[in-house]
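Asks: generate a structure from the sequence data that follows.
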Amino acid sequence: MKKISKVVLAVIFSMTITNINAEEMPKIEKKEIIVDKKENSVPAPKTEKVMFKKVYQNVQYIDEYNWLRDKKNPKVIEHLKEENNYTEKIMEPSKNTQDKLYKEMLGIIKEDDASVPEKNGDYYYYSKTQKGKQYPLHYRKFKSLTAKEEIILDENKLAGKSKYFSLAEYEVSKDGRYLAYAIDLDGSETYTINIIDLKTGLLLKDQIKGTSGSIEWSNNNKFIFYTTVDSAKRPFKLFRHEMTKDTKKDVLIHHEKDDSFYLSISKSKTNKYIFINLGSQVTSEVRYLDADKVTDPPKIFAPRQKNIEYSIEHSGDKFVIMTNEDSPNNKIMVTPVIDTKKASWFEIVPHWPGLKIDTFDVFKDFLVLQERENAYKKILIVDMKTYASKYLKFDEPAYDVNIDSVPEYNTLGLRFRYESLTTPNTLFEYDLKSGARKTLKVRSVLGDYDPKNYVSERVYVKSKDDAIVPVSLVYKKGLVKDGTAPLMLYAYGSYGSTEDPNFSSSRISLLDRGFVYAIAHIRGGGDMGREWYDNGKLLKKKNTFEDFINCAEFLIKEKYTSKEKLAISGGSAGGLLMGAVTNMRPDLFKSVVAHVPFVDVINTMMDPSLPLTVIEYDEWGNPNKPEFFDYMKSYSPYDNVTAKEYPNMLVTAGLNDPRVGYWEPAK
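Replies: Residues are numbered from 1 along each chain as shown. A predicted model of the protein is given here:
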């Protein structure tokens with residue numbers, strides 16, 4: 001094989017962030033593109049080859065790097081450490097540049113900050129970040145914002161000296177006395193639940209291990225509901241735990257035996273019901289409990305039907321339903337609480353081709369829809385008494401807007417977050433009755449940032465089969481389109497996930513040095529509705545890769561950049577994208593950043609013991625069927641590396657990552 005320009009692998013054994021004071025930031029008089037003049041020539045680690053054979057589809061499959069999967073093998077850890085050392089040595093000439101950029105990026109972040117208080121029951125809840133502390137602190141005030149501040153959770157104390165820390169969620173009991181929280185200290189995404197008595201500040205003996213992190217309280221404050229995970233990290237069992245009782249006596253409420261289904265729990269905004277949400281990639285089912293009578297058996301709202309998805313909320317004497325039945329882009333229906341049979345469902349917001357309803361929220365007198373049309377987000381307000389409706393207006397050429405959490409049901413204050421490639425995240429409150437809009441908080445960007453100094457735009461690219469792909473761009477005002485500007489092109493393109501044009505303060509350091517930043521809204525994502533997603537999955541997955549390549553070619557043709565100045569980036573399934581397009585067109589990119597990339601498609605999808613595999617059949621296909629196996633093998637990055645010149649590559653892995661095994665990027 002010819003020598004690859006440079007491929008480095010960074011394996012994250014633990015995740016820590018070093019805090020640097022803003023006062024220590026060096027003053028950067030001139031923002032220039034930094035090119036390190038010297039370059040290390042370091043031999044890459046030699047990876048041992050060990051013969052390993054498997055039979056897939058009656059054909060012998062050889063994988064000489066299969067041994068890297070054995071994390072208990074000291075040779076594996078030793079090899080990964082060698083890869084990390086190699087990465088550090090290769091990157092050593094740019095160490096000063098890295099430090100300078102890191103300090104610069106950190107220097108524009110406001111470390112002492114607080115969220116806008118959110119009313120829930122008798123309390124206002126909010127969080128703060130403090131200078132020198134890595135994690136937030138959570139507070140509340142009783143009935144009034146002028147009341148005494150009470151700290152209810154300090155994530156820094158929970159993290160202690162752990163090298164990794166993640167708080168999945170915390171939930172306060174309805175009476176405000178108890179707080180249950182779920183934490184992970186090793187990155188495995190398996191959480192331990194603890195409960196604090198907020199009156200005494202004492203930690204109760206109720207500790208529950210092996211959970212997914214989901215928590216809900218009964219209305220009588222005596223029970224919590226939680227879900228546990230199976231060996232594949234799939235939330236599959238729902239339990240009811242009685243306070244102060246032995247957790248071994250917890251009651252099993254539901255066991256989801258279908259390996260393709262996830263289980264999650266939520267509470268209705270009215271606090272009347274606890275929802276048991278069951279869903280695969282293409283099918284869903286909801287069961288529900290009366291939150292005041294949680295020892296009663298749950299009821300099925302509507303039995304699962306293959307390829308039909310729905311979700312529900314409670315509003316007064318009815319349930320509000322969003323469903324894709326006969327409506328690929330979803331529609332909204334209602335049904336009486338006393339009768340959930342489909343024959344009683346009544347449509348209030350119809351399905352529209354080209355316009356997708358992403359999600360919805362309920363208030364006592366209003367329904368709020370978050371929609372998407374032509375890769376633009378929209379918010380629709382519906383009066384539930386008259387069914388009159390109106391849209392909120394936004395003016396920028398590329399932006400992101402999201403309905404924000406409002407726990408209170410009986411309120412007229414809708415909160416939503418707006419941002420764009422040039423506008424920092426801004427929290428608004430909108431009066432659903434009067435239409436008045438007020439700004440609650442603008443995320444601070446320290447220094448001399450002025451959005452007027454930057455330009456965002458939306459361009460459209462014709463793909464190989466004439467599909468029109470949107471691309472969102474941002475750059476500093478005064479850009480000359482002569483092909484000399486460096487450009488970072490990012491995309492994801494899977495699971496119907498959307499990559500909206502949001503704000504990033506760290507991106508400013510690139511823009512100020514003349515970079516163009518671009519997001520390709522390729523098929524496989526949900527940016528243009530359900531059909532856009534369906535045309536980039538299963539046996540149409542290659543549309544995702546072709547779209548990305550066509551976007552890159554367009555940006556070069558229009559002289560936003562050149563092949564010599566084009567960098568690309570993606571993570572997880574977006575890392576699969578990086579691997580696929582790099583195999584297909586290695587000549588098109590100067591550098592590639594692949595974060596925890598899903599690149600060993602065949603071996604992973606043929607192993608049902610791994611997390612997500614069976615669930616993923618609806619996304620990638622079942623490789624036990626020859627047509628899917630052959631199609632996957634034709635694009636699987638690991639299976640399509642050939643002897644040719646590749647661009648410079650940085651590949652990262654997480655040793656305990658349950659979604660993409662570290663061995664995939666290591667291979």
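
Asks: domain ranges for the protein, per the record?
Replies: The record's domain split for the chain, according to automatic domain parsing, is 7-16+29-107+450-666, 162-307.

Asks: residue 365: which of those domains is closest?
Replies: Nearest to residue 365, of all the domains of the chain, is domain 162-307, at 13.2 Å by CB to CB. For every residue, glycine as well, the C-beta is placed using N, CA and C.

Asks: ends of the closest one, what's the gap?
Replies: 43 Å (CA to CA, to the nearest Å).

Asks: centre of the chain to that domain, how far?
Replies: 21 Å (CA atoms, centre = their mean, to the nearest Å).

Asks: likewise stretch 155-175?
Replies: Remark: stretch 155-175 is offset 20 Å from the chain centroid, using CA atoms, centre = their mean.

Asks: buried ones in that stretch, by neighbour count?
Replies: Buried residues in stretch 155-175, defined by neighbour count with 16 or more other CB atoms under 10 Å: 155, 158-159, 164-168, 170-174.

Asks: then stretch 170-190?
Replies: Within stretch 170-190, the residues scored as buried using 16+ other CB under 10 Å are 170-174, 176, 178-185, 187, 189-190.

Asks: can you flag which of these belong to strands?
Replies: Mapping the buried residues of stretch 170-190 onto strands (DSSP state E) picks out 170, 171, 172, 178, 179, 180, 181, 182, 183, 184.

Asks: host element of the spatially most central residue of the chain?
Replies: With distances taken as CA atoms, centre = their mean, the residue of the chain nearest its centroid is residue 497 (8.4 Å). Here residue 497 sits in a region with no helix or strand, counting by DSSP states H and E.

Asks: backbone dihedrals for it, please?
Replies: Here is the backbone geometry of residue 497 (degrees, to the nearest 10): phi -70, psi 150.

Asks: mind checking how far it is from residue 384?
Replies: 30 Å (CB to CB, to the nearest Å).

Asks: equivalent analysis for residue 560, please.
Replies: Distance, residue 560 to residue 384, by CB to CB: 47 Å.

Asks: residue 643 too?
Replies: Separation of residue 643 from residue 384 (CB to CB): 64 Å.

Asks: the buried residues of stretch 155-175: which two are farthest apart?
Replies: 164 and 174 (32.2 Å).

Asks: CA atoms only: put the biggest helix by length in the chain into PDB for me.
Replies: The single longest helix within the chain, with elements called by DSSP state H, is helix 74-91. Output of helix 74-91 as PDB, limited to C-alpha atoms (Å, rounded to 0.1, in the frame of the first residue of the first chain):
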ATOM      1  CA  PRO A  74      -2.900  -5.800  27.600                       C
ATOM      2  CA  LYS A  75      -1.500  -5.700  24.100                       C
ATOM      3  CA  VAL A  76      -4.600  -3.900  22.900                       C
ATOM      4  CA  ILE A  77      -4.300  -1.100  25.500                       C
ATOM      5  CA  GLU A  78      -0.500  -0.900  24.900                       C
ATOM      6  CA  HIS A  79      -1.200  -0.500  21.100                       C
ATOM      7  CA  LEU A  80      -3.800   2.200  21.700                       C
ATOM      8  CA  LYS A  81      -1.400   4.100  24.000                       C
ATOM      9  CA  GLU A  82       1.200   3.900  21.200                       C
ATOM     10  CA  GLU A  83      -1.400   5.400  18.800                       C
ATOM     11  CA  ASN A  84      -2.000   8.200  21.300                       C
ATOM     12  CA  ASN A  85       1.700   8.800  21.600                       C
ATOM     13  CA  TYR A  86       2.100   8.800  17.800                       C
ATOM     14  CA  THR A  87      -0.700  11.400  17.500                       C
ATOM     15  CA  GLU A  88       1.000  13.600  20.100                       C
ATOM     16  CA  LYS A  89       4.300  13.400  18.300                       C
ATOM     17  CA  ILE A  90       2.800  14.100  14.900                       C
ATOM     18  CA  MET A  91       0.900  17.100  16.300                       C
END
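
Asks: contacts for it?
Replies: For helix 74-91, the surrounding residues in contact (CB atoms under 8 Å, 6 or more residues apart in numbering) are 6, 8-11, 13, 40, 42, 44-45, 47-48, 67-71, 98, 650, 653, 655, 662, 666.

Asks: after that helix, next one along is what?
Replies: Downstream of helix 74-91, the next assigned helix or strand under DSSP H and E is helix 95-107.

Asks: now that following helix: mean pLDDT?
Replies: Averaged across helix 95-107, the pLDDT comes to 93.

Asks: so which elements touch that helix?
Replies: On a contact count with 3 or more CB pairs under 8 Å, 6 or more residues apart in numbering; DSSP states H and E, helix 95-107 meets helix 508-511.

Asks: what does the helix it packs on contact?
Replies: Residues from elsewhere that reach helix 508-511, judged by CB under 8 Å, 6+ apart: 31, 101, 104-105, 108, 445, 449, 454, 474-476, 488, 517.

Asks: the strands in the stretch 101-250 of the chain, which residues?
Replies: Ranges of strands in the stretch 101-250 of the chain, per DSSP state E, counting those that start in this stretch, are 113-114, 118-120, 123-129, 137-142, 150-154, 166-172, 178-184, 191-197, 202-203, 208-217, 223-229, 235-242.

Asks: ok, which of those comes nearest residue 379?
Replies: strand 118-120 (18.9 Å).

Asks: neighbouring strands for the closest one, and are they parallel or not?
Replies: Note on strand 118-120: by DSSP bridges, its sheet partners are strand 123-129 (antiparallel).

Asks: next, the angle strand 150-154 makes with the partner strand.
Replies: Angle of strand 123-129 versus strand 150-154, following axes from the mean of the first three to the mean of the last three CA atoms, to 10 degrees, is 50 degrees.

Asks: just the buried positions in strand 123-129, please.
Replies: 123, 124, 125, 126, 127, 129.

Asks: how confident is the prediction for the last one, by pLDDT?
Replies: Each residue has a pLDDT score; the one for residue 129 is 95.

Asks: can you tell me what sits against stretch 437-446?
Replies: The contact list for stretch 437-446 (CB under 8 Å, 6+ apart) reads 22, 107-110, 113, 115-116, 415, 424-431, 503, 505, 508.

Asks: please repeat the previous calculation with a cut-off of 6 Å.
Replies: 108, 110, 116, 424, 425, 426, 427, 428, 429, 430, 505 (CB atoms under 6 Å, 6 or more residues apart in numbering).

Asks: quick check: the farthest pair among the residues you listed?
Replies: Among the contacts of stretch 437-446, 108 and 430 lie farthest apart (CB to CB), at 28.8 Å.

Asks: please consider this matter closed, and thank you.
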